[in-house]
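Novice: next input, structure requested:
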Amino acid sequence: MSTATTVERGVIARAKELTPEFAEGLGVTLAIAAATTLGKLTVPIAVQQTIDTGVEAGGGPDVGHVVLLCALAALVLLVTSGTAWLVNVRLFQATEAGLASLRVRAFRHVHDLAVLTQSGERRGSLVSRVTSDVDTISTFLQTGMLVLVLSAGQVLLATALMFFYSWQLALVVIGCFVPLVLARQRLQRPVSRAYQAVRARMGELLAAISETVVGADVIRAHAASDRSWRRIDGAIEAHRQQAVKAQTATAVTFTAGVFVSGLVSALVIVLGTLLGLAGNITLGKMLAFLFLAQLWVGPVQAATEVLNELQNALAGWRRVVDLIDTPVTVPEPATPRTLPTGPVDVRVDDVAYSYPGTDKVVLAGVSLHFPAGSRTAIVGETGSGKTTLSRLITRLVDPTSGTVLLNGVDARDLPSRELHHRVVAVPQEGFLFDATVGENVRRGRPGSTEDDVRAAFVDLGLGGWLDGLPEGLDTPVGQRGERLSAGERQLVALARAHLADPDLLVLDEATSSVDPATEVRLQRALEGVLSGRTSVAIAHRLSTAEAADTVVVVDAGRVVEVGSAAELAHAGGPYSRLHASWTSQNA
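Specialist: Alright, predicted model coming up:
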């Protein structure tokens, strides 16, 4: 058995395991399909019986007998057309149930993957795996698989009937296709590789298009349109070339099938005529055999076209299975624990972190304590590791070594749903969904009322800003919040976090996109909002650091200073230099 075949069987076995819905009721569907296939044999049998026992009857043509046979054949065809419809419906229902389950599982797994794992693969490629690749699987299961199911039974029954009418002609038909079947495995290898590459090129194409659409403003601002178009044109051309290569590889098997099909028809006519002249086959059986040969050759020839869809579907299956089998580096705890209520006490105990699959150390030997109800600011140069530290506290990633304790409980022992309900992070760029301002804020606490949402803005001192929006809470924000400015998006994100009412709030440059006037207003509002709640803020602004109880200075993955802003400003260390830089910028 070739390596390629082993891999394909492994993919199919894994796919069946992931989507058992495909196999539900399959036995009944196959039984109905078998009945449908029997109907297709009605025509050749009716032809043989009509000619041999009706047209060429001993006393001359028996018109009544011919009419009876034709009526029976019509009745059988009518019944089997109904069973064919039923097979289609059952297959569609099973495949749609399986595909829906597959999409849900794939999407959920994408969200279960760690932030760095998601960032390691372009978003467009991830989207391709759960949309385009699943659609390719859908196309095969609802068309190609139906052809395979019906054709398999048709070939078996047609073979039996061909041997019944003339074993000599049956051997000729089968003998013509033996070389093609034997060569199939060798022909399949390049086809399989080609379609795997097609799916990969499609993922790259979608990634390029997605990135260009999302970054349209940046592209225009930097006059990079020509470069972006060249990238997309290159991705389109790469996909076109690979698709042509795959179709060319498929055309080899298709052409071989067409040639053998024509050869079979010619040989059956010639040899059948000779057998008829020798008295070894009747005219009715001869004509019936011609119909059977086409019923036999048709599915075999169609298999080359189905092969095209099968290889494409297998390539899609492989990409989806690879996605679902990507290890979750931040798994749910085997024995979950509950986080004690109240403000969260955070302890970072000898934590180290390295990027997965690399030796690059981002944090090393970090030990910190953030008392419950305290306000801490983490400062440092770009790339110092402060953002990674915030990700560890919110368990977006797990430490390579050491522990992060929340109220004395290892963060790895807390269910993600409970953890992220009690610990809320506001990222540097407030992401908004394509909905209204109110709907975006309400995601912080599903089920909250319009009054609750409005109160969140008022608590933050943003009631006047909210009233100034065209439609207030009902103002649409557009995709990714593009109808609002960067600062306005961040205001909505802060209101959403406030409505969530977390016990630990982690702010990653949460005020970096607001103007100075708005920042002052926010800082005043946050004094009340953060009361009685633990907060950790990554700060690039002097005002954020000075408002904190404790400042943690991170440099090259290590904690180098801890103290109050006033103490560190005169200590002559790294914070003193940052403080001097901030002061000079604001002078």
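
Novice: after the helix or strand where Ala249 lies comes which helix or strand?
Specialist: If you go by DSSP states H and E, Ala249 is part of helix 225-277. Scanning forward in sequence from helix 225-277 by DSSP H and E, the next helix or strand is helix 283-324.

Novice: give me the helices and strands touching that next one, please.
Specialist: helix 3-18, helix 42-49, helix 63-112, helix 123-130, helix 132-139, helix 145-165, helix 167-214, helix 225-277 (3 or more C-beta pairs under 8 Å, 6 or more residues apart in numbering; DSSP states H and E). (Each C-beta comes from the backbone N, C-alpha and C, glycine too.)

Novice: that one: how far from the chain's middle?
Specialist: Helix 283-324 sits 28 Å away from the centroid of its parent chain (C-alpha atoms, centre = their mean, to the nearest Å).

Novice: average model confidence for it?
Specialist: Helix 283-324 carries an average pLDDT of 76.

Novice: redo the helices and strands packed on helix 283-324 as TSV? Include distance to Glu488.
Specialist: Listed next are the helices and strands packed on helix 283-324 as TSV, based on distance: least, C-beta to C-beta, whole Å:
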stretch	distance to Glu488
helix 3-18	43
helix 42-49	71
helix 63-112	27
helix 123-130	24
helix 132-139	34
helix 145-165	51
helix 167-214	19
helix 225-277	27
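
Novice: including mean pLDDT and mean neighbour count, could the ones you listed go into JSON lines?
Specialist: Formatted as JSON lines, the helices and strands packed on helix 283-324 follow (pLDDT from 0 to 100; neighbours: other C-beta atoms under 10 Å):
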{"stretch": "helix 3-18", "mean pLDDT": "63", "mean neighbour count": "14"}
{"stretch": "helix 42-49", "mean pLDDT": "81", "mean neighbour count": "20"}
{"stretch": "helix 63-112", "mean pLDDT": "81", "mean neighbour count": "15"}
{"stretch": "helix 123-130", "mean pLDDT": "60", "mean neighbour count": "20"}
{"stretch": "helix 132-139", "mean pLDDT": "73", "mean neighbour count": "20"}
{"stretch": "helix 145-165", "mean pLDDT": "79", "mean neighbour count": "18"}
{"stretch": "helix 167-214", "mean pLDDT": "74", "mean neighbour count": "18"}
{"stretch": "helix 225-277", "mean pLDDT": "78", "mean neighbour count": "15"}
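
Novice: I'd like to know which of the ones you listed lies nearest to Val306.
Specialist: Among these, helix 145-165 comes nearest to Val306, with 5.2 Å by C-beta to C-beta.

Novice: just want the angle from the helix holding Ala249 to helix 145-165.
Specialist: 10 degrees (axes from the mean of the first three to the mean of the last three C-alpha atoms, to 10 degrees).

Novice: quick one: closest of the helices and strands packed on helix 283-324 to Pro340.
Specialist: Taking these one by one with C-beta to C-beta, helix 63-112 is closest: 25.7 Å.

Novice: now find how far off-centre stretch 435-443 is within its chain.
Specialist: Distance, centroid of stretch 435-443 to centroid of chain: 26 Å (C-alpha atoms, centre = their mean).

Novice: how many residues are close by the closest residue to Ser166 other than its chain neighbours?
Specialist: The shortest distance from Ser166 to any non-neighbouring residue, by C-beta to C-beta, 6 or more residues apart in numbering, is to Ile281 (5.3 Å). Neighbourhood size, Ile281 [other C-beta atoms under 10 Å]: 21.
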